[in-house]
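>>> give me a 3D structure for the following:
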Amino acid sequence: MSFQKLNVIEPILRALTNEGYTTPTPIQEQAIPLVLQRKDLFGCARTGTGKTAAFAIPVLQILHEQKLVSKEPNNTIKALILTPTRELAIQIKESLDAYGKFTGLKHAVIFGGVSQQTQVNTLRRGVDILVATPGRLLDLVNQRFVNLSSIRLLILDEADRMLDMGFVHDVKKIIAKVPRERQTLFFSATMAPAIRQLANTILMNPVHIEVTPVSSTAETVRQAIYFVQKTSKQSLLKHLLFNADIPMTLVFTRTKHGADRVAKELNSSGITAAAIHGNKSQQARQSALLKFRSRQIQVLVATDIAARGIDIDELSHVINYDLPEVSETYVHRIGRTGRAGASGMAISFCDQEERIYLRDIEKLIKKAIPVENEHPFKNAGSTGDSRPVFRATGNTVQSANRFSTRNRQRSGYNRAVNS
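Residues are numbered from 1 along each chain as shown. Now for the predicted structure:
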């Protein structure tokens, strides 16, 4: 199957070719024709499946074709994409820029945490597609800088995360301001009852598609659990980063304070790191992402809210410094590695209090995560666990216990492990 067989128009095909895209992913293959048929859609797919292109490509095509024949003013917003975080909003805008390069359509992104003036100036020049976080959008609507009366396409992306972040009331207020006669696309990584209830209130006879359900983890991602006392997690993390072949890794913590603390400790030990979470300014978050993508820093420490929308090419490792309380979040986290068929490694630390989270995760993914016992802190909380020890095999991604002699000799190793 090719994008051409999905009846994607030439200007977008040309842009996709420029980006190196030739074959649609399963969710793109299913969603694009349905959206082009002007159907409402409820799509369920975990991260890394190509969901953004699944709605961005047909939305661009519909608006491009309508613009060729429409006499409607060019300064009206015709499509609205709601998304929960700044990072994801920026990522969607970048995708629209790439895929819509030759369509002549104008796109803009608005989000909170920064001055609104630049965003307002962009809106005044006219926008076809608006990507927005709910809070800032409502603020600008109330100030009459945004008019939603011409919306033809409404897209809710990462709807489950918007509910988790408490945006449901803002979303409902926004939906009440857009025309009832519209096409609505609803994307979520989970199918929880609250998600279904919200979808039922805004979709009209939707087509349901589900690709790689949230309970599944990519076959390309190797997983390992390290049982360790809570007080030894920092030392274990440093040990792995100094000894294992981990060129860059995304580390997840449960709290903002925890992210800051981990990043500070790593930097003090000679390991370049930055933290990213909701309390950081937009400039600080974008700076940290840029440095991580360009490999100026080895470790990006993030909370779940800040990490949604972070896509890093060739990310080899994800480390769960803290196990998530919601088991589905584990699948989203480790989906940041092993993308597009590449290999990846997901390492998780588990202290005694987190055993209950581990059981929930394994119940969800329907398999036991292999235990890694070969580390200096193996007696810290691992007594009594009888599950098989994780072993790396020849052609798979290198396990975290394959030590690099070069890294082992790096200055500061003893201080890092014993601190």
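>>> break this structure down into its structural domains.
As assigned by automatic domain parsing, the chain contains the domains 4-211, 221-418.
>>> low-scoring pLDDT stretches of the stretch 151-300 of the chain, where are they?
Residue ranges of the stretch 151-300 of the chain with pLDDT under 70: 212-218, 282.
>>> which residue ranges of it form strands?
Listed in chain order, the strands of the stretch 151-300 of the chain (DSSP state E, counting those that start in this stretch) span 153-156, 183-188, 207-211, 221-227, 249-252, 273-276, 299-302.
>>> CA-only coordinates of the longest one in CSV, if you can.
It stands for strand 221-227. The C-alpha trace of strand 221-227 is given here as CSV (Å, rounded to 0.1, in the frame of the first residue of the first chain):
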residue,chain,number,x,y,z
VAL,A,221,11.4,-3.0,22.6
ARG,A,222,13.3,-5.2,25.1
GLN,A,223,12.1,-4.8,28.7
ALA,A,224,13.8,-5.4,32.1
ILE,A,225,12.9,-4.8,35.7
TYR,A,226,15.5,-3.9,38.3
PHE,A,227,14.4,-4.5,41.9
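>>> and it, how far out from the chain middle?
Relative to its chain's centre, strand 221-227 lies at 21 Å (Cα atoms, centre = their mean, to the nearest Å).
>>> so which elements touch it?
Secondary-structure packing of strand 221-227 (3 or more Cβ pairs under 8 Å, 6 or more residues apart in numbering; DSSP states H and E): strand 344-350. C-beta here means a position set from N, CA and C on the backbone, and glycine is covered the same way.
>>> can you tell me the average pLDDT over the strand it packs on?
Strand 344-350 comes out with an average pLDDT of 94.
>>> same deal with stretch 13-33?
Mean pLDDT, stretch 13-33: 91.
>>> return the distance of that stretch from the chain's centre.
19 Å.
>>> so what touches it?
1-4, 6-8, 41, 43, 45, 49-51, 53-55, 57-58, 98-102, 209, 211-212 (Cβ atoms under 8 Å, 6 or more residues apart in numbering).
>>> list the buried residues for it?
Leu13, Ala15, Leu16, Tyr21, Pro24, Thr25, Ile27, Gln28, Glu29, Gln30, Ala31, Ile32 (16 or more other Cβ atoms under 10 Å).
>>> hmm, which two among those residues are most spread apart?
Ala15 and Gln30 (21.2 Å; Cβ to Cβ).
>>> go through the chain and flag its longest helix.
Determined from DSSP state H, the single longest helix within the chain is helix 51-69.
>>> which secondary structure element contains the closest residue to Val127 other than its chain neighbours?
In this structure, Val127 finds its nearest non-sequential neighbour in Ala108, 4.4 Å apart by Cβ to Cβ, 6 or more residues apart in numbering. If you go by DSSP states H and E, Ala108 is part of strand 107-110.
>>> list the buried ones in that strand?
Neighbour-count burial for strand 107-110 flags His107, Ala108, Val109, Ile110 (criterion: 16+ other Cβ under 10 Å).
>>> kindly report the same for stretch 270-281.
By neighbour count on 16+ other Cβ under 10 Å, the buried set for stretch 270-281 is Ile271, Ala273, Ala274, Ala275, Ile276, His277, Lys280.
>>> first to last residue in stretch 237-252, what's the distance?
The stretch stretch 237-252 measures 12 Å between its terminal residues, going by Cα to Cα, to the nearest Å.
>>> mind checking the end-to-end distance for stretch 192-209?
15 Å.
>>> now that stretch: how far from the chain's centre is it?
Distance, centroid of stretch 192-209 to centroid of chain: 22 Å (Cα atoms, centre = their mean).
>>> name the residues that touch it?
Contact with stretch 192-209 is made by 27, 30-31, 34, 39-45, 154, 156, 159-160, 163, 168, 171-172, 175, 184, 186, 188, as judged by Cβ under 8 Å, 6+ apart.
>>> do stretch 139-156 as well
Residues outside stretch 139-156 that contact it (Cβ under 8 Å, 6+ apart) are 55, 59, 62-63, 66, 72, 76-82, 110, 112, 116, 119-120, 123-124, 130, 137, 162, 171, 174-175, 177-179, 182-187, 202.
>>> which parts of that stretch are buried?
Neighbour count says stretch 139-156 has Leu140, Val141, Val146, Leu148, Ile151, Arg152, Leu153, Leu154, Ile155, Leu156 buried, by 16+ other Cβ under 10 Å.
>>> and stretch 328-342, how far out from the chain's middle?
9 Å.
>>> mind exporting it as PDB, just the C-alpha atoms?
Output of stretch 328-342 as PDB, limited to C-alpha atoms (Å, rounded to 0.1, in the frame of the first residue of the first chain):
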ATOM      1  CA  GLU A 328      -1.400   2.200  30.600                       C
ATOM      2  CA  THR A 329       1.100   5.000  31.100                       C
ATOM      3  CA  TYR A 330       3.900   2.300  31.100                       C
ATOM      4  CA  VAL A 331       3.000   1.400  27.500                       C
ATOM      5  CA  HIS A 332       3.100   5.000  26.500                       C
ATOM      6  CA  ARG A 333       6.400   5.600  28.100                       C
ATOM      7  CA  ILE A 334       8.300   2.700  26.600                       C
ATOM      8  CA  GLY A 335       6.700   3.400  23.300                       C
ATOM      9  CA  ARG A 336       9.100   6.400  23.000                       C
ATOM     10  CA  THR A 337      11.800   3.900  22.000                       C
ATOM     11  CA  GLY A 338      11.700   1.100  19.400                       C
ATOM     12  CA  ARG A 339       9.800   3.400  17.000                       C
ATOM     13  CA  ALA A 340       9.400   2.800  13.300                       C
ATOM     14  CA  GLY A 341      10.800  -0.700  13.500                       C
ATOM     15  CA  ALA A 342      14.000   0.300  15.300                       C
END
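>>> now that stretch: buried residues?
Glu328, Thr329, Tyr330, Val331, His332, Arg333, Ile334, Gly335, Arg336, Thr337, Gly338, Arg339.
>>> how near is the residue nearest to Val127 to Pro179?
Remark: distance between Ala108 and Pro179 (Cβ to Cβ, to the nearest Å) = 20 Å.
>>> same deal with Tyr321?
For Tyr321, the distance to Pro179 - Cβ to Cβ - is 46 Å.
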